[in-house]
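**Student:** quick one: sequence plus predicted model below, questions after.
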Amino acid sequence: MNQLKRYAGIIWILLGPLAAVYLVRTAMAEVAKKPVMDTYIQWGVFIVVFIPIALGMLLFGYFAWKGEYDHLPESSAEIEED
């Protein structure tokens, strides 16, 4: 299972930047189709909100790949001991 988590981490590492690039390309295409202020604001908000999410996906994948999630606590008592 730990090996699966590490492979999934690589997928998350690739998925974060890929999704961000896709979002920016889509935004540029939509703004080019209809270059009015409403479109600029809408896609600007989408990008500003999604970029931290994409960075979080990248970090999550990095930590999974490094093995930070190999041992997760089984119960709340184990969390309190740490």
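**Tutor:** Right, received. Where do you want to start? Please read these numbers as outputs of a predicted model, since none were measured by experiment.
**Student:** centre of the chain to the helix or strand residue 41 falls within, how far?
**Tutor:** Mapping residue 41 onto the secondary structure by DSSP states H and E places it in helix 37-66. Put simply, helix 37-66 sits 6 Å off its chain's centre (CA atoms, centre = their mean, to the nearest Å).
**Student:** what of stretch 67-76?
**Tutor:** Taking mean C-alpha positions (CA atoms, centre = their mean), stretch 67-76 and its chain are 21 Å apart.
**Student:** what does stretch 6-22 give?
**Tutor:** The gap between the average C-alpha position of stretch 6-22 and the chain average comes to 7 Å, counting by CA atoms, centre = their mean.
**Student:** which residues sit against it?
**Tutor:** With contacts defined as CB atoms under 8 Å, 6 or more residues apart in numbering, stretch 6-22 is touched by 50-51, 54-58, 60-67. Every residue, glycine included, has its C-beta placed from N, CA and C.
**Student:** need the max-distance pair from these.
**Tutor:** Farthest apart among the contacts of stretch 6-22 by CB to CB are 50 and 67. That separation is 27.8 Å.
**Student:** nearest spatial neighbour of the spatially most central residue of the chain, skipping sequence neighbours?
**Tutor:** Within the chain, the residue whose C-alpha comes closest to the C-alpha centroid is residue 57; the distance, by CA atoms, centre = their mean, is 2.6 Å. Nearest residue to residue 57, sequence neighbours excluded (CB to CB, 6 or more residues apart in numbering): residue 16, at 3.5 Å.
**Student:** distance of the one you found from residue 37?
**Tutor:** Distance of residue 16 to residue 37, given as CB to CB, to the nearest Å: 30 Å.
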